[in-house]
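**Q** Sequence and predicted structure are below.
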Amino acid sequence: PPPYPPPTTPVAAGSIEAQSSYQWCIALPSRCTYLPLEQNALTSSIPTEIGLLTGLTALRLDGNRLTSSIPTEMGRLTGLTLLALGSNSLTGTIPTEIG
């Protein structure tokens, strides 16, 4: 596996930002096409910075305990062919930016 860079700022345990695969994707967004974070007991919200990962084709966040709403910044992920968000505690509607 690729070496995962350490986080640049402190992050809460149980958050998406604490996951080494997410940290690697943020550090090298052009090389990140698949982000599998399903079934990780994540309890945070989806960070808006996830919209920076414009190379993603698959994002799996299903089976966690994510809260809050889906960030509109996810609309930047125009190459997604798989977006799995089920089995969480997300609120609100799917942003129109996600098409």
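**A** Arrived safely.
**Q** Which residues belonging to the helix or strand bottoming out on mean pLDDT in the chain are considered buried?
**A** Taking mean pLDDT, DSSP states H and E as the measure, the helix or strand of the chain with the lowest value is helix 20-27, at a mean of 92. By 16 or more other Cβ atoms under 10 Å, the buried positions in helix 20-27 come out as S21, Y22, Q23, W24, C25, I26, A27. In this view, the C-beta of every residue, glycine as well, is placed from N, C-alpha and C.
**Q** what's the answer for stretch 87-99, then?
**A** For stretch 87-99, by 16+ other Cβ under 10 Å, it's N88, L90, I98.
**Q** need those in TSV with pLDDT, distance to G79 and secondary structure, can you?
**A** Listed next are the buried residues of stretch 87-99 as TSV, based on pLDDT from 0 to 100; distance: Cβ to Cβ, whole Å; DSSP: H, G, I helix; E, B strand; the rest coil:
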residue	pLDDT	distance to G79	secondary structure
N88	97	22	coil
L90	97	22	strand
I98	87	12	coil
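**Q** got the residue ranges for the strands in the chain?
**A** 34-36, 58-60, 67-69, 82-84, 89-91 (DSSP state E).
**Q** ranking those by burial, who's on top?
**A** Stretch with highest mean neighbour count among the strands of the chain: strand 58-60 (a mean of 19; mean count of other Cβ atoms under 10 Å).
**Q** and that strand, what does it pack onto?
**A** Contact here means 3 or more Cβ pairs under 8 Å, 6 or more residues apart in numbering; DSSP states H and E; on that basis strand 58-60 packs against strand 34-36, strand 82-84.
**Q** Mean confidence (pLDDT) on it, please.
**A** For strand 58-60, mean pLDDT is 97.
**Q** I26 and L52 touch, don't they?
**A** Yes. Assessed by Cβ atoms under 8 Å, I26 is found in contact with L52 at 6.8 Å.
**Q** Give the residue spans of the protein that score low on pLDDT.
**A** 1-11 (pLDDT under 70).
**Q** Pull the distance from the least confident helix or strand of the chain to the chain's centre.
**A** Distance of helix 20-27 from the chain centroid (Cα atoms, centre = their mean, to the nearest Å) equals 10 Å.
**Q** And it, what does it pack against?
**A** Secondary elements touching helix 20-27 (3+ Cβ pairs under 8 Å, 6+ apart): strand 34-36.
**Q** Thank you kindly, that will do.
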